[in-house]
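> No letters, just coordinates:
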């Protein structure tokens, strides 16, 4: 099991990234919450990871915080919640926000997430009440390990198109992704636009 990686951030094309560890490039999929916390390309990064083994692929997921990985692992144990939907949930809200939704029976907030209908939201609330991981202090990586500065552009020419593609990969329909990004062209990087679009969507 690969539990943690530390190396050089080579590529970042949401929701994918590549980390070079001693000459080996590890391709990972990450939530938007983790992606916006990453440093620029060529910088050092450390990520907690979760490996999923399927018949046709070995898939690696990366997380800036151990708490986020713990919630991801709890989510994929819920009936009907796979890794892709779990990442979409973590992209739309952080761990504390998700816990508040569950404890407050906030079905409406959960249904704003892509792929989460009313029945799925109700199932999440019922099943997750007793599945919350035990959050431990000091589990987060330091800013020096994850990077606390805004990320530069990934090198592609159209950050807006990249942001739209990333939102579609999370489960939003193309037309909805386009609407979410209206007026956000001045946000700068792809990650900044995605973060702003998700915040707008969750605000209703």
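Perfect, I can see it now. Owing to the predicted nature of the structure, the values given are computational and were not obtained by experimental measurement.

> quick one: contacts of the helix or strand hosting residue 96?
Secondary structure from DSSP states H and E places residue 96 in helix 95-103. Helix 95-103 has contacts (CB atoms under 8 Å, 6 or more residues apart in numbering) with 65, 67-68, 71, 89-90, 93, 106, 109-110, 124-125, 128-129, 132, 135. Where C-beta positions appear, they are placed from N, C-alpha and C, glycine not excepted.

> Return the member of the residues you listed nearest to residue 177.
Among the contacts of helix 95-103, residue 89 lies closest to residue 177 (CB to CB), at 16.9 Å.

> Burial check on the closest one, number of neighbours?
Per other CB atoms under 10 Å, the neighbour tally for residue 89 reads 24.

> That one belongs to a helix, doesn't it?
Yes: assessed by DSSP: H, G, I helix; E, B strand; the rest coil, residue 89 belongs to a helix.

> Show me which positions of the helix holding residue 96 end up buried.
95, 98, 99, 101, 102 (16 or more other CB atoms under 10 Å).

> try stretch 49-56
For stretch 49-56, burial by neighbour count (16+ other CB under 10 Å) applies to 49, 50.

> tell me the mean pLDDT over that stretch?
Stretch 49-56 carries an average pLDDT of 89.

> Can you tell me, leaving aside adjacent residues, what's nearest to the spatially most central residue of the chain?
Among the residues of the chain, the one closest to the centroid is residue 31, at 1.0 Å (CA atoms, centre = their mean). Distances taken as CB to CB, 6 or more residues apart in numbering place residue 90 nearest to residue 31, at 3.9 Å, with adjacent residues excluded.

> Could you check how far the one you found is from residue 160?
23 Å (CB to CB, to the nearest Å).

> of the two, who's got more company?
The neighbour comparison of residue 90 against residue 160 (other CB under 10 Å) goes to residue 90, with 24 against 14.

> Distance check, that one against residue 41.
As for residue 90, its distance to residue 41 is 23 Å (criterion: CB to CB).

> I'd like the next helix or strand past the lowest-mean-pLDDT helix or strand in the chain.
When the helices and strands of the chain are scored by mean pLDDT, DSSP states H and E, helix 143-146 comes last with a mean of 39. Downstream of helix 143-146, the first helix or strand assigned by DSSP H and E is helix 159-170.
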